[in-house]
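Asks: what follows is a predicted protein model with its sequence.
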Amino acid sequence: MALEHEGNARAYRLYVPESYDHSAGTPLVFNFHGTGGQPESMIALSGMNDAADERGILVAYPAGLPANGLPVFDAGLR
């Protein structure tokens, strides 16, 4: 999935547990990878999908933008 922010396409993965009820308010947690990481690595390393299943929350895994050849979040490198 992606959305546009300040002229940049911002990719992200979104985990939605099977118990999700679109008619109910549901917390959304953002899980950011470190410099050089990817959303997929955070999915594998963090265990947040299991936590989402247990707690009934949504988890977004945004992808950083490239700076000096590595994906980062606004860490002053861009």
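Replies: Yep, it's here. Numbers count the residues shown, from 1 in each chain.
Asks: for the protein, what's the longest strand?
Replies: Longest strand in the chain by number of residues, with DSSP state E as the criterion: strand 8-15.
Asks: tally of neighbours for residue 4?
Replies: Residue 4: 8 surrounding residues under other CB atoms under 10 Å. For glycine as for every other residue, the C-beta is placed from the backbone atoms N, C-alpha and C.
Asks: now do the SS call for it.
Replies: Under DSSP: H, G, I helix; E, B strand; the rest coil, the three-state class of residue 4 is strand.
Asks: where does pLDDT dip in this protein?
Replies: 75-78 (pLDDT under 70).
Asks: mind listing the strands for it?
Replies: 2-5, 8-15, 28-30, 58-62, 65-67, 70-72.
Asks: ok now the last one, how far from the chain's centre?
Replies: This points to strand 70-72. Centroid separation for strand 70-72 versus its chain: 14 Å, with CA atoms, centre = their mean, to the nearest Å.
Asks: the first one now?
Replies: Mean C-alpha position of strand 2-5 versus that of the full chain (CA atoms, centre = their mean) differs by 13 Å.
Asks: do the same with the third one
Replies: For strand 28-30, the distance from its own C-alpha centre to the chain's C-alpha centre is 8 Å (CA atoms, centre = their mean).
Asks: now the second one
Replies: The chain centroid and the centroid of strand 8-15 are separated by 7 Å, computed with CA atoms, centre = their mean.
Asks: thank you kindly, that will do.
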